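Undergrad: Please find the sequence and the predicted model below.
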Amino acid sequence: MTVPLLRLQGLTKAYPGVVANNNVSFEIGQGEVHALLGENGAGKSTLVKMIYGLVKPDSGTMELNGTKFAPSEPRQARADGIAMVFQHFSLFDALNVAENIALGMENPPAMRDLASRIREVSETYGLPLDPYRTVGDLSAGERQRVEIIRCLLQDPKLLIMDEPTSVLTPQEVEILFMTLQKLRAEGTSILYISHKLEEIRTLCDHATILRLGQNVGECIPSETSAREMAELMVGSALQTPERSRRTPGEVVLDISGLSVPAPSAFGTPLKNLHMTVRKGEILGIGGVAGNGQDELLGVLSGETLVEPDAIKFEGRKIGALGPNARRGLGVLAAPEERLGHAAAPDMSLTENAMLTGAVREGLENRGFLNWGAAKEFADRIIERFDVRTPGPENAARSLSGGNLQKFVIGREVLQNPQVLVVNQPTWGVDAAAAASIRQSLLDLAADGTAVICISQDLDELMEIADSFAALNEGRLSAPRPTANLTVDEIGLMMGGAHGMEVAHV
Amino acid sequence: MIRLEKRPQPSRVWSLITPVFAVLATMVFGGILFAMLGKNPVEAIQTIFYDPLFGEFAFYYRPQLLVKGAPLVLIAIGLSLGFRAGIWNIGAEGQYIMGAICGAAVGLAFYPLEAAYIFPLMILAGALGGWIWAMIPAFLKVRFGTNEILVSLMLVYVAEQMLASVSLGLLKNPQGFGFPGSRNLQQYDSAHNAELITGTGMHWGVVAAFVAVIFAYVLLNRHMLGFHIRLTGEAPRAAKFAGVHPARLILFCLGISGALAGLAGLFEVSGPSGVVSIDFNVGYGFTAIIVAFLGRLHPVGILLAGGLMALTYIGGEIAQSRLGLPSAAIQVFQGMLLFFLLALDLLTNFRIAIRKRGVA
């Protein structure tokens, strides 16, 4: 067929202060899996929002099957056969699968009919799903199935998927890819957004690469190396973090028999965790989101208190010590959520430096605050970690995600921790910033700090960690050296396919 | 099309000038209101804002400004600490009553003994009375997770009944010919919160209000506890990460606001009012909530807001008696002031952009 399914021509969208998309043009063919590649902030989201009718372009045109296409709202885009699976699920935990799907429909059929249609579609595409299960009990992979089936019920011509594999184990990714290939075979086109290059190389027929809102190149992923694509994305040669050879010293942090009940109805309880971290060692903890990562960080930072002897630091029982007592000893942490947890959005960087730095940097004296010293500390973080901001008096929320992340990690690194726990240290951060954050963790370990890096980015963990363990439904697998681990083994540690049935197609 | 765009960070300039704009807008729209009621708007506004300060009878009204403003500021300072941390004490009126009852009771217990230690003891008792009354919602919240807004508010009505009870019973003046109400503390030297400088309205409550302003300013800007209060209000999770103990903070914030409200009650009952009576409370505890927000929960702002509020009260009364404005019109006028302040507050965090619609 010569008429492409969707043709974009000169799409431009500017927001105050930033041009999100600048004259972007490309085509998606019928039955093609088209990858949209780019770093965070490259304009991928804005582009698909325009296709999905959430955002109106300032200029440029779109054509669907050769006719003009300008959806004014998502409903219209859906009517024209465009469906989208968002990165963040919009599901209600307390409702079951069928009820959740009915909520998104304009004229939902009777629940019984809907349930049988869900079964039918889910089995056709190899995504078995019980329509009567409560969404709160589903794994991330199964929740994604709900979103996919919600889309497939509309019989879409184009399925947009925004970073679908970030919540999946390698085994679950395989199941998803089989489904997508089946869809392609039936003639459905897929616009696949990701920054995971290997995935794109195995799945996609064609790739468009965005950088700073512009289309900087197209390629056939199976014929292009991951490195070439990465360099197109970043626009310069990539610097891989260097890891020096180091031999881990004695055990600094010893966790044994750590169990914590779930903090809320849909939180994850931690079940009987055991691990030790040595001086100079980086322990990587992988696992799909929602398997106890936040809870584990809370326990290690001292926000959640546990039995005193569940956590030992250099032989001292610290399980019942709060965050500041642990900071005093040198056990520091950087949570995942930058705004609202690691930093207070409306407070200045100086105040945010005070937030965790007061104890170790001597920013307070008998409760009275030394703002001059706090400002100096903030200045030091900004300088050492190349945080782009006019100055420490600016509010945390005025920084971009990557810059704030550099600040948050830098704040802990500069306090010379004995143990540093980080959760998702490079989440939503551009490649250059991510590399510098990883390098700082490696440098810290080289100086003898024990680092625990909780992350969902397996590539990151393989790059920096000495040993690897996986969190799965609140349980931690036994840590193993990363050196000889295969992707399959990692996947199995992460819970394999999470009990999801494999496609029977 | 007019759109609101979020500023990257709150504008300091706007946060300072919006109160001025709000007062001006209130004058304009209040003037229109008064004109519609058939009064000369300029004269009405002048009566409310100018006469109490510089008019013919200002020598009488100016001290009133301090007398009315001091309890408002004292209570509002305490409330603002909790409000900053997201802890909502709505029951300052009850704590004010309990402070007055406890403080007056201590004073009356010593009657007719004259001693220098009586008034300090009354101050302690007043603060303690308000503190205990505020500890009830605090304890229930910490222990059982109850809502402090409801509990503290309901305790106001309990306190009012207690006030009626002691006015008719425990604290009733034995020489009062059976009328409800206590002995007049103004006639009992050791317990009298007299004017420190005659004719100025300056009494110990005014001193306490100024001290509270300074204390709150130092606490919020220079002390870890104040930093934790602000942090808890802005980002509770970050506060916990910074080592804040939420239960302790609740106890502290409710406790201090209760104690300050109790103090305000004590200074009022031993000074301007003099008598524990059924109608002792006139709503300072509730008005102080408005004052706290009017002052943007900032100590200095609260000081100014307390003064402004007292001014509109006194000016409003003058306007009622001299121009025959209905009291409802004065209340609308005061409501307008709050409305404009809160509405214009939007400009601190947002800027107005006038743009054409994007190309479809």
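TA: Ah, there it is.

Undergrad: May I have the phi/psi pair for residue 317?
TA: If you meant another chain, say so; for now it's chain A. With angles defined as degrees, to the nearest 10, A:Lys317 sits at phi -80, psi 120.

Undergrad: Quickly note the distance from it to B:Asn193.
TA: A:Lys317 sits 54 Å away from B:Asn193, going by CB to CB, to the nearest Å. For the C-beta atoms, the positions are set from N, CA and C on the backbone; glycine is no exception.

Undergrad: same check, this time on B:Gly78
TA: Using CB to CB, one gets 19 Å for the distance from B:Gly78 to B:Asn193.

Undergrad: Check B:Arg222 too.
TA: Per CB to CB, B:Arg222 is found 31 Å from B:Asn193.

Undergrad: neighbour-wise, which of the two wins?
TA: The neighbour count for B:Arg222 versus B:Asn193, taken as other CB atoms under 10 Å in any protein chain shown, is higher for B:Asn193 (24 against 15).

Undergrad: Leaving out the residues flanking it, which one is nearest to that one?
TA: In space, not counting the residues next to it along the chain, B:Asn193 is nearest to B:Gly271; the distance is 3.5 Å by CB to CB, 6 or more residues apart in numbering or on different chains.

Undergrad: mind checking the SS state of B:Glu5?
TA: Three-state assignment for B:Glu5 (DSSP: H, G, I helix; E, B strand; the rest coil): strand.

Undergrad: was I right about it contacting B:Arg351?
TA: Yes. In this structure B:Glu5 lies within contact range of B:Arg351 using CB atoms under 8 Å: 5.3 Å.

Undergrad: Of those two, which one has the most company?
TA: Per other CB under 10 Å, whichever of B:Glu5 and B:Arg351 has more neighbours is B:Arg351, with 15 against 12.

Undergrad: ok, and for whatever helix or strand the more buried one lives in, which residues are buried?
TA: Following DSSP states H and E, one finds B:Arg351 within strand B:350-354. Going by neighbour count (16 or more other CB atoms under 10 Å in any protein chain shown), the buried part of strand B:350-354 is B:Phe350.

Undergrad: What pairs with it, parallel or antiparallel?
TA: Using DSSP bridges, strand B:350-354 pairs in its sheet with strand B:2-6 (antiparallel).

Undergrad: Contacts for the helix or strand that the partner strand is followed by next, please.
TA: Downstream of strand B:2-6, the first helix or strand assigned by DSSP H and E is helix B:12-36. Applying CB atoms under 8 Å, 6 or more residues apart in numbering or on different chains, the external contacts of helix B:12-36 come out as B:40-42, B:44-45, B:49, B:294, B:296, B:301, B:304, B:308, B:325, B:329, B:332-333, B:336-337, B:340-341, B:343-345, B:347-348.

Undergrad: Now which of the residues you listed would you call buried?
TA: By neighbour count, with 16+ other CB under 10 Å, these hold B:41, B:44-45, B:49, B:294, B:296, B:301, B:304, B:308, B:325, B:329, B:332-333, B:336-337, B:340-341, B:344-345, B:347-348 as buried.

Undergrad: restrict the residues you listed to contacts with chain A.
TA: By CB under 8 Å from any CB of the partner chain, no member of these lies near chain A.

Undergrad: So which of those are in helices?
TA: Residues of the buried ones among the contacts of helix B:12-36 located in helices (DSSP state H): B:41, B:44-45, B:49, B:294, B:301, B:304, B:308, B:329, B:332-333, B:336-337, B:340-341, B:344, B:347-348.

Undergrad: What count of nearby residues applies to A:Leu197?
TA: The local packing of A:Leu197 (other CB under 10 Å) involves 20 other residues.

Undergrad: Check what pLDDT it gets.
TA: Looking at A:Leu197, its pLDDT stands at 80.

Undergrad: Ok, A:Ser236 next?
TA: 68.

Undergrad: and if you look at B:Gly306?
TA: pLDDT, read off for B:Gly306, is 94.

Undergrad: do you know how far the residue nearest to A:Glu307 when sequence neighbours are not counted is from A:Asp254?
TA: If the residues on either side of it in the chain are set aside, A:Glu307 comes closest to A:Gly319, at 5.2 Å by CB to CB, 6+ apart. According to CB to CB, A:Gly319 stands 11 Å off from A:Asp254.

Undergrad: likewise B:Leu153?
TA: B:Leu153 sits 50 Å away from A:Asp254, going by CB to CB.

Undergrad: ditto for B:Phe215
TA: Distance, B:Phe215 to A:Asp254, by CB to CB: 46 Å.

Undergrad: Counting neighbours, what do you get for the residue nearest to B:Asn193?
TA: For B:Gly271, using other CB under 10 Å, the count is 22.

Undergrad: B:Ser202 is in contact with B:Leu66, isn't it?
TA: Actually, residue B:202 is Met rather than Ser. Yes. B:Met202 lies in contact with B:Leu66 (CB under 8 Å); the separation is 6.1 Å.

Undergrad: which of the two has more neighbours?
TA: Applying other CB under 10 Å to B:Met202 and B:Leu66 shows that B:Leu66 carries more neighbours, namely 20 against 16.

Undergrad: correct me, but the more buried one touches B:Gly201?
TA: Yes. Using CB under 8 Å, B:Leu66 is in contact with B:Gly201, at 3.9 Å.

Undergrad: Please give me every residue in contact with the closest residue to B:Leu231 other than its chain neighbours.
TA: Leaving aside its sequence neighbours, B:Leu231 sits nearest to B:Ala239 (CB to CB, 6+ apart; 4.3 Å). By CB under 8 Å, 6+ apart, the residues touching B:Ala239 are A:344, B:228, B:231-232, B:246.

Undergrad: cutoff 7 Å now
TA: Neighbouring residues of B:Ala239 by CB atoms under 7 Å, 6 or more residues apart in numbering or on different chains: B:228, B:231-232.

Undergrad: quick one: which of those residues has the most company?
TA: Taking other CB under 10 Å as the neighbour criterion, B:Leu231 ranks highest of the contacts of B:Ala239 with 27 neighbours.

Undergrad: Need the contact partners of the helix or strand containing that one.
TA: Secondary structure from DSSP H and E places B:Leu231 in helix B:224-234. By CB under 7 Å, 6+ apart, the surrounding residues in contact with helix B:224-234 are A:344, A:346-347, A:354-355, A:358, A:364, A:367, A:369, B:81, B:84-86, B:219-220, B:238-239, B:242, B:244, B:249, B:253.

Undergrad: Give me the pLDDT for B:His203.
TA: As predicted, B:His203 sits at a pLDDT of 92.

Undergrad: Oh, that last question was meant for A:Glu295, not what I typed.
TA: Confidence score, pLDDT, at A:Glu295: 92.

Undergrad: quick one: it is in a strand?
TA: No. Judged by three-state DSSP, A:Glu295 forms no part of a strand; its state is helix.

Undergrad: residue contacts, it?
TA: A:260, A:263, A:267-268, A:270.

Undergrad: Cool, thanks, signing off.
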